[in-house]
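J.: Build me a model from this:
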Amino acid sequence: MTTKITKAIFPVAGLGTRFLPATKSVPKEIMTLVDRPLIQYAIDEAREAGITDFIFVTARGKSALEDYFDRSPELEQKLKAAGKTELLKELRRTDMESGAIAYIRQREARGLGHAVWCARRLIGDEPFAVLLPDDVITGPRGCLAQMVDAYHKTGGNMVATMQVPMSKTENYGIVDIAAENGRLVSVKGMVEKPNIADAPSDLAVIGRYILRPEIMDALGKFNQGAGGEIQLTDAIADQITAGQPVHGYKFEGDRYDCGSKAGFLQATVAFALEREDLRDDFREFLDRVTGLHHAAE
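T.: Numbers count the residues shown, from 1 in each chain. Below is the predicted model of the structure:
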């Protein structure tokens with residue numbers, strides 16, 4: 001019988017340098033897709049999957065991220081007085097009850113694996129999830145909820161996976177496939193950011209994980225991997241060597257890499273077109289812009 005997953009780590013200590021100068025004063029995680037910050041999409045996905053304890057691994061300059069999840073009594077009062085009940089409901093969805101969120105500082109930028117290791121004392125001996133807010137995933141059900149269902153059948157460790165062009169394997173952790181069963185993949189090895197010649201498959205690890213607590217011991221060895229950083233992928237590969245099962249889950253849905261400018265813009269367009277209150281005007285604008293572009297060519 002597998003243990004219920006109730007804790008999740010959100011590594012949000014990065015500087016967001018690809019979005020400078022905006023991220024000089026605004027944490028990347030609260031940059032907005034339409035009218036919701038990236039972190040809100042990750043939190044909503046975690047809640048859908050049954051997460052009740054949210055652990056943020058932060059760094060200096062992230063106070064605005066902490067404030068986002070606090071109450072805003074003055075704003076609430078103004079909305080109430082103005083009769084803006086729908087906006088008030090939307091605002092209250094961002095509130096987190098006292099004690100639901102814990103903040104841990106990552107004092108040194110030593111990679112994703114190190115960020116996860118920083119939360120080890122709050123994880124204890126329980127399995128846990130990791131969500132990277134840069135990866136925004138849409139679908140009929142949240143990616144993590146899909147993984148939790150699968151995890152209850154497999155146990156062990158699990159990573160979200162998707163196919164990528166072989167020319168892009170050097171940007172991802174890539175799994176070495178032992179066997180496939182529908183959306184589940186039995187993993188016999190993992191390689192962080194391999195070149196095309198060394199990539200064992202085209203199945204990439206995406207920013208959702210369910211991990212056993214034993215992985216903290218592997219991370220605590222501080223072995224440096226690709227880029228001289230402590231890689232989470234390497235620690236997961238160590239679990240395979242140690243006899244722990246690792247599965248990939250080919251989630252149903254679309255993933256947007258909002259850690260890149262192009263991915264962020266693509267997500268903005270996709271999310272705007274999904275909104276009934278924006279769809280028609282926005283599509284008309286896109287048609288006009290693309291029409292002008294084609295005419296210029």
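J.: surely residue 112 meets residue 227?
T.: No. With contact taken as C-beta atoms under 8 Å, residue 112 and residue 227 are classed as non-touching, separated by 10.4 Å. Using the backbone N, CA and C atoms, a C-beta is placed for each residue, glycine as well.
J.: Who has more neighbours out of those two?
T.: residue 112 (24 against 10; other C-beta atoms under 10 Å).
J.: Name the residues linked to residue 186 by a beta bridge.
T.: Applying DSSP bridges to residue 186 gives these bridge partners: residue 179, residue 247.
J.: do residue 54 as well
T.: The partner list for residue 54 in beta bridges (DSSP bridges) reads residue 8, residue 101.
J.: Against residue 135, how distant is it?
T.: Taking C-beta to C-beta, to the nearest Å as the measure, residue 54 falls 17 Å from residue 135.
J.: how about low-confidence regions in the chain?
T.: Applying pLDDT under 70 to the chain flags the ranges 1-2, 292-297.
J.: what's the longest helix in it?
T.: In terms of residue count, the longest helix belonging to the chain (DSSP state H) is helix 279-296.
J.: How far does that helix sit from its chain's centre?
T.: Remark: helix 279-296 is offset 31 Å from the chain centroid, using C-alpha atoms, centre = their mean, to the nearest Å.
J.: Which positions in it come out as buried?
T.: Neighbour counts over helix 279-296 (16 or more other C-beta atoms under 10 Å) mark residue 282 as buried.
J.: helices and strands around that helix, which ones?
T.: When contacts are defined as 3 or more C-beta pairs under 8 Å, 6 or more residues apart in numbering; DSSP states H and E, helix 279-296 packs onto helix 261-274.
J.: run the last query once more with 6 Å
T.: Contacting helix 279-296 under the criterion 3 or more C-beta pairs under 6 Å, 6 or more residues apart in numbering; DSSP states H and E is no other helix or strand.
J.: got the CA positions of that helix in PDB?
T.: Provided in PDB are the C-alpha atoms of helix 279-296 (Å, rounded to 0.1, in the frame of the first residue of the first chain):
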ATOM      1  CA  ARG A 279     -11.500  34.700 -27.100                       C
ATOM      2  CA  ASP A 280     -13.400  36.600 -29.800                       C
ATOM      3  CA  ASP A 281     -11.600  39.900 -29.500                       C
ATOM      4  CA  PHE A 282      -8.200  38.200 -29.200                       C
ATOM      5  CA  ARG A 283      -8.700  35.900 -32.200                       C
ATOM      6  CA  GLU A 284      -9.800  38.900 -34.300                       C
ATOM      7  CA  PHE A 285      -6.600  40.700 -33.300                       C
ATOM      8  CA  LEU A 286      -4.400  37.700 -34.100                       C
ATOM      9  CA  ASP A 287      -6.100  37.300 -37.500                       C
ATOM     10  CA  ARG A 288      -5.500  41.000 -38.300                       C
ATOM     11  CA  VAL A 289      -1.800  40.800 -37.200                       C
ATOM     12  CA  THR A 290      -1.000  37.600 -39.000                       C
ATOM     13  CA  GLY A 291      -2.900  38.900 -42.100                       C
ATOM     14  CA  LEU A 292      -0.700  42.000 -42.100                       C
ATOM     15  CA  HIS A 293       2.400  39.900 -41.700                       C
ATOM     16  CA  HIS A 294       1.500  37.700 -44.700                       C
ATOM     17  CA  ALA A 295       0.600  40.700 -46.700                       C
ATOM     18  CA  ALA A 296       4.100  42.200 -46.000                       C
END
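J.: That helix relative to helix 261-274, how many degrees between them?
T.: Angle, helix 279-296 to helix 261-274, by axes from the mean of the first three to the mean of the last three C-alpha atoms, to 10 degrees: 130 degrees.
J.: which residues are contacting helix 279-296?
T.: For helix 279-296, the surrounding residues in contact (C-beta atoms under 6 Å, 6 or more residues apart in numbering) are 272-273.
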